[in-house]
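Chemist: Next comes the sequence, and after it the predicted model I'd like to discuss.
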There are 2 protein chains.
Amino acid sequence: MKTPPVTLITIAEKAGVSVMTVSRALNGEGAVAEKTRAKVRAIAAELGYSPNLSAKMMKGSRTNVIGILVNDLQSAVINEIIGAVSGAVRRLEMDLVIYNSIGGVDDAPNRGLGHMLQGLCDGLLLILPRISDVHLRQLEQRDLPVVLVNYWRPTQLPVVRGGNGDAAAAVTRHLLQLGHRRIGFIAGSAFTGQSQERQRGYEDALEGAGIAIDPALIAPGDFGRRSGYEAACALLTAADAPTAIFAANDEMAFGAIDAVRACGLRMPQDVSVVGFDDIPAAAHVHPGLTTVRQPLAAISEAAVRELLLRISGAGGEQQRVEFPSELVLRESTAKAPRRAGTAIQPPAPAGAGTRKRATRKG
Amino acid sequence: MKTPPVTLITIAEKAGVSVMTVSRALNGEGAVAEKTRAKVRAIAAELGYSPNLSAKMMKGSRTNVIGILVNDLQSAVINEIIGAVSGAVRRLEMDLVIYNSIGGVDDAPNRGLGHMLQGLCDGLLLILPRISDVHLRQLEQRDLPVVLVNYWRPTQLPVVRGGNGDAAAAVTRHLLQLGHRRIGFIAGSAFTGQSQERQRGYEDALEGAGIAIDPALIAPGDFGRRSGYEAACALLTAADAPTAIFAANDEMAFGAIDAVRACGLRMPQDVSVVGFDDIPAAAHVHPGLTTVRQPLAAISEAAVRELLLRISGAGGEQQRVEFPSELVLRESTAKAPRRAGTAIQPPAPAGAGTRKRATRKG
DNA sequence: GTGAAAGCGCTAACAG
DNA sequence: CTGTTAGCGCTTTCAC
C-alpha cells in the first residue's frame, strides 16, 4: 500500500539509462555527462528518492553515517556533547545515529553494538562514562574507526577530551587563595579516568601549597546528586570539618549544597562549594555554582574531525587530544570563615530538597 | 586486519551444515533438529557472531530495531521519554536507535529520515515538539509503522500522550482556590498542540469560575526560558498585573521566576508561579516549583506497545491514547496577596541570572 | 529436517 | 561516457 519504494531501478527506467549510470550520477563520482546527470538528479528529486542504506553498507562502501554510542542520555554534559556533535556532523553533510547502550557497564557487547558495527556507520564516537575494559577490548579488536569522547579508560584508541587535572588544580588554588585550608573533595566513580584526574589536580595543588593531603577530607561518591549529599554530610559532621568542598562534578556539588543547608550552614559564608562541568543548572541556582567548564563544543568538533581522519584511513598521528578547561567563578565560593572546624550535628536522614535518584529494579 | 567478520557462512562451514540451517537455527524458526540447533548456537556464540542487519533489512524481514526520531535532545522531558522508551524496548529484547533530526521544523524530510525509513527500523517513534505538517504528511504517506509520542499536530497517525487540558484546569483551579483572580498565562509555541490545550484548560477553569478571560493576561512565549522571562516582565509591569503566573512549561516558569525577582517581587508571597512538565530542576530550585507531571513512563511504554501493534500489522483500533497528568504542589504558589495590582517598574533589560539561549549561527 | 537457488538494492571492476 | 557482470549476507521458496 501507499508509496512503493523508489530505487535506482525506478529512476533508471524513467530516465532511460542503466542503473549504474544513475548510481554514478547521484553519487557525483565517475564520469557522467553533465546532461545525463542533471536529468537523473531531477528525476530522483521528483520521485523523492533516498538511497537504501542497507544495500550501500552491504557493499562496504561508505554510508556517510556516523554513530554515537552512549550509555547515559540523562547527563547534561553528554547531551551538550551530542548537540555539538550533531551540529558538526550536519555541517559535513553526514548523518548521525545514536545508539543508547543503556544498562550497566558490561552492556551491549554483542547486541546493538554489533549491529552498528556491521556497517551501518562509517565510524563510531564513544561517549561512555561507564565502559568496561572488556567492552573496550572488543572495540579495539574491531576494524571500525572509533574515537572516545571525554570519557576514557586506558586504551590505544584515540581519545578527545577536556582537561581535568589542571582545572581541578585551579579550583583548589582558588579556594586556597580565599583562605581555605581544609578543603574536602568528593570523588566520582572510577569507571572513567575523570574523577581520578580531578582528584590528582586537587592533590597537586594542595601539595604545591605545602598542605598535606588528609585522606579524611576525601569522600567517595558516584557522580550522583545523592552521593554528593551523603559524602558532604560525612565531611561536614566529622571533627575538623572542611570549610570548602570541591565535588568532582556539579551533580554531586548540588548534593553537597543540600547537605550544607541540611546541616544548618550557609553557603558560601560558612562553606564554599565548587563543582565541575558547568551544567546549565549550575548557572540557574542561587547562588550560582562556581565550577569548571570543559570546552565541549571544541571537543566535539575535534572528535568528529579525528573520526573522519580514521574513516578516511589517515590513521591517527595524534592519539590523545586534550582541550584546556576553564574555571567559572560564581557565587558559591567565598572567603574562608574564621571559625575553627566545629563538629556539626548530623541532619535528618533524607535532606530536604534532595531528590532520590531513580533506582531501577531488575 | 584485526577480526574478519563472522557471517552465517563462517558458522555453516564450521558446523558442517548449510547456511540455511544456520539461519533457521539462530532465528528459532523453521524446523531444525534440536541437536543441530544447539551445535550451531554454540559455534555462533563462540565466534561472537552478530547478524548483519543490513542484509536482514534488505530482505525486508524484521530487524528488531525500533527507531526514535527526535528533534530536541536538550529537553529534559524528551530525555526522560527516551530513557523510558529505552527500558521498554530493552525488555522486549529489541534494539533502539535514535535519530536526531536537529535543525528546523522542515528538516530531515529526505535526509536521515529516509535512511531510517529504508528498513533499518521496524517502526518509528516520533518525539518531535516541532514538526511541520509537510513532514507529517510525508510520514503518513510512508508505509512504515509510526507512533507520535507526546507531541502532535492534526494527523491520522496514532498518538500517545499525556493530558494537558484537564491538568491545566486543575492548576488554574488551584490558583483560584488560593484567592488569585488575575492569573497570567504564558503560552508556548504553536508547533505542537500542547500549548493550545494547556491554554484551553486555563480558560475553561476561569470560565467555570465565572471569571472573564482577559487577553491582556495571556502572553506569548516559545517554551524557552528567555521567552518566559520576557512574557512575565510584560505581564508584571502592565497595569492591573496578575498575582499568579501559569507558564505552559517549566522552562518558561523559571524565566518567569527570574522576572518576578528582577521586578523586586517575592515568590510566592507577591506572585505565585506554576509550570508544566515537572522537569527535574523543578524540584531542585528553592522554593520548589508547583507544576504538572505527565506520566512519561506510562506514555512511553504505551507508545512502544502501540508501535509494536502496528509493526505486527494489527493496525490500530485506538488512534489516540491519553494518560492523565498530575498536579504537583510545591512552594511556588501561595495565597493571593492583598494588594491590588500596582504597576511595577520594568527591570533592567537582561534579568540577573537569566541565561541567554544559545543562538546558532548559520 | 535440510539444502540449493534466487534475489533484495547497490556498487566495484571491467568491458565497450 | 555508459553498460554488464558479479556479489555483499541474508532469507524466502521450493525441492529433496
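Modeler: Nice, I can see it.
Chemist: can you pull the pLDDT of the residue in the stretch 151-300 of chain A that chain B sits nearest to?
Modeler: Chain B sits closest to residue A:283 of the stretch 151-300 of chain A, with a gap of 5.3 Å, by CB to the nearest CB. (Glycine included, C-beta is placed from N, CA and C.) Turning to residue A:283, the model gives it a pLDDT of 86.
Chemist: Is it in contact with residue A:329, as I believe?
Modeler: No: proximity of residue A:283 to residue A:329 does not meet the contact threshold set by CB atoms under 8 Å, at 11.8 Å.
Chemist: Comparing these two, which residue is more hemmed in?
Modeler: Taking other CB atoms under 10 Å in any protein chain shown, residue A:283 and residue A:329 do not tie; residue A:283 has more neighbours (15 against 12).
Chemist: From the rest of the structure, what touches the helix or strand harbouring the more buried one?
Modeler: Per DSSP states H and E, residue A:283 falls inside helix A:280-284. With CB atoms under 8 Å, 6 or more residues apart in numbering or on different chains as the contact definition, helix A:280-284 has outside contacts at A:76, A:250, A:253-254, A:275, A:288-289, A:291, A:328, A:330, B:254, B:281, B:284-285, B:353, B:355.
Chemist: Please narrow those residues to those residing in strands.
Modeler: A:291, A:328 (DSSP state E).
Chemist: and which of the contacts of helix A:280-284 is nearest DNA strand C?
Modeler: The closest of these to DNA strand C turns out to be residue A:76 (CB to the nearest atom of the strand; 38.4 Å).
Chemist: What are the buried residues along stretch A:299-318?
Modeler: Judged by neighbour count using 16 or more other CB atoms under 10 Å in any protein chain shown, the buried positions of stretch A:299-318 are A:299, A:300, A:301, A:302, A:303, A:304, A:306, A:307, A:308, A:309, A:310, A:311.
Chemist: before we move on, back to that, buried stuff in the helix holding residue A:283?
Modeler: Neighbour-count burial for helix A:280-284 flags A:281, A:282, A:284 (criterion: 16+ other CB under 10 Å).
Chemist: Just the closest of the residues you listed to DNA strand D, please.
Modeler: For the buried residues of helix A:280-284, the nearest to DNA strand D is residue A:281 (45.3 Å; CB to the nearest atom of the strand).
Chemist: Show me where chain A dips below the pLDDT cut-off.
Modeler: By pLDDT under 70, the low-scoring segments of chain A are A:1-3, A:102-117, A:315-318, A:339-362.
Chemist: Near DNA strand D, which residues of chain A? Just list them.
Modeler: By CB under 7 Å from any atom of the strand, the part of chain A that sits against DNA strand D consists of A:17-21, A:24, A:30-37, A:55, A:58-59.
Chemist: how many other residues sit next to residue A:44?
Modeler: The number of residues packed around residue A:44, counting by other CB under 10 Å, is 22.
Chemist: Tell me the secondary structure at it.
Modeler: Using DSSP: H, G, I helix; E, B strand; the rest coil, the structure places residue A:44 in helix.
Chemist: Spit out the contact partners of it.
Modeler: A:6, A:11, A:22, A:26.
Chemist: what's the spacing between it and residue A:26?
Modeler: Applying CB to CB, to the nearest Å, the value for residue A:44 to residue A:26 is 6 Å.
Chemist: Can you name the helix or strand that residue A:156 falls in?
Modeler: Per DSSP H and E, there is no helix or strand for residue A:156.
Chemist: so how many other residues sit close to the closest residue to it other than its chain neighbours?
Modeler: Among residues not flanking residue A:156 along the chain, residue A:140 sits closest, at 6.3 Å (CB to CB, 6 or more residues apart in numbering or on different chains). For residue A:140, the count of nearby residues is 12 (other CB under 10 Å).
Chemist: Quick one: name whatever helix or strand follows the helix or strand where residue A:140 lies.
Modeler: Element membership for residue A:140, per DSSP H and E: helix A:133-141. Remark: after helix A:133-141, the chain's next helix or strand is strand A:146-149, criterion DSSP H and E.
Chemist: What segments of the stretch 51-200 of chain A are helices?
Modeler: Secondary structure of the stretch 51-200 of chain A (DSSP state H, counting those that start in this stretch): helices at A:53-58, A:76-91, A:113-115, A:133-141, A:165-177, A:193-208.
Chemist: what do you get for the stretch 251-362 of chain A?
Modeler: Using DSSP H, counting those that start in this stretch, the helices of the stretch 251-362 of chain A run over A:280-284, A:296-311.
Chemist: contacts for the longest one?
Modeler: Taking contacts as CB under 8 Å, 6+ apart, the residues outside helix A:296-311 that touch it are A:62, A:66, A:77, A:80-81, A:84-85, A:87-89, A:92, A:122-125, A:145-147, A:149-150, A:158, A:160-162, A:315-316, A:318, A:321, A:323.
Chemist: Tell me the buried residues in stretch A:139-154?
Modeler: By neighbour count with 16+ other CB under 10 Å, stretch A:139-154 contains the buried residues A:139, A:144, A:145, A:146, A:147, A:148, A:149, A:150, A:151, A:152, A:153.
Chemist: Would you show me how to pick out the buried ones of the contacts of helix A:280-284 in PyMOL?
Modeler: Remark: buried members of the contacts of helix A:280-284, expressed as a PyMOL selection using 16+ other CB under 10 Å:
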select buried, (chain A and resi 76+250+253+254+275+288+289+291+328+330) or (chain B and resi 254+281+284+285+353)
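Chemist: Are stretch A:228-235 and chain B in contact anywhere?
Modeler: No: using CB under 8 Å from any CB of the partner chain, we find that stretch A:228-235 stays clear of chain B, coming within 12.1 Å at best.
Chemist: Just the CA atoms of that stretch, as PDB, please.
Modeler: What follows is stretch A:228-235 as a C-alpha-only set of coordinates in PDB (Å, rounded to 0.1, in the frame of the first residue of the first chain):
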ATOM      1  CA  GLY A 228      27.200  14.100  46.900                       C
ATOM      2  CA  TYR A 229      24.800  14.800  49.700                       C
ATOM      3  CA  GLU A 230      25.900  11.800  51.700                       C
ATOM      4  CA  ALA A 231      29.600  12.500  51.200                       C
ATOM      5  CA  ALA A 232      29.200  16.100  52.200                       C
ATOM      6  CA  CYS A 233      27.200  15.100  55.300                       C
ATOM      7  CA  ALA A 234      30.000  12.800  56.300                       C
ATOM      8  CA  LEU A 235      32.600  15.500  55.700                       C
END
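Chemist: Need the contact partners of that stretch.
Modeler: With contacts defined as CB under 8 Å, 6+ apart, stretch A:228-235 is touched by A:184, A:186, A:217, A:219-221, A:241-242, A:245, A:247, A:251-256, A:258-260, A:262-263, A:346-347, A:351, A:354.
Chemist: The residues you listed, buried ones only, as a ChimeraX selection?
Modeler: Restricted to buried positions by 16+ other CB under 10 Å, the ChimeraX selection for the contacts of stretch A:228-235 reads:
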select /A:184,186,217,219,221,241,242,245,247,251,252,253,254,255,256,258,259,260,262,263,347,351,354
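Chemist: Keep only the contacts of stretch A:228-235 that also lie close to chain B.
Modeler: Among the contacts of stretch A:228-235, the ones lying near chain B by CB under 8 Å from any CB are residue A:254.
Chemist: Just the buried positions in stretch A:185-203, please.
Modeler: Across stretch A:185-203, burial judged by 16+ other CB under 10 Å covers A:185-189, A:191-195, A:197-199, A:201-203.
Chemist: next one: stretch A:47-59
Modeler: Under 16+ other CB under 10 Å, the buried positions of stretch A:47-59 are A:49, A:50, A:51, A:52, A:53, A:54, A:55, A:56, A:57, A:58.
Chemist: so what's the residue of the stretch 151-300 of chain A found nearest DNA strand C up against?
Modeler: Closest approach between the stretch 151-300 of chain A and DNA strand C, counting by CB to the nearest atom of the strand: residue A:158, at 25.8 Å. Counting by CB under 8 Å, 6+ apart, residue A:158 touches A:146, A:147, A:148, A:306, A:310, A:316, A:318, A:319, A:320, A:321.
Chemist: Quick check: bridge partners of the residue nearest to the third one when sequence neighbours are not counted?
Modeler: This means residue A:148. Once flanking residues are discounted, residue A:148 sits nearest to residue A:159: 4.4 Å by CB to CB, 6+ apart. Note on residue A:159: beta-bridge partners residue A:148, residue A:320, judged by DSSP bridges.
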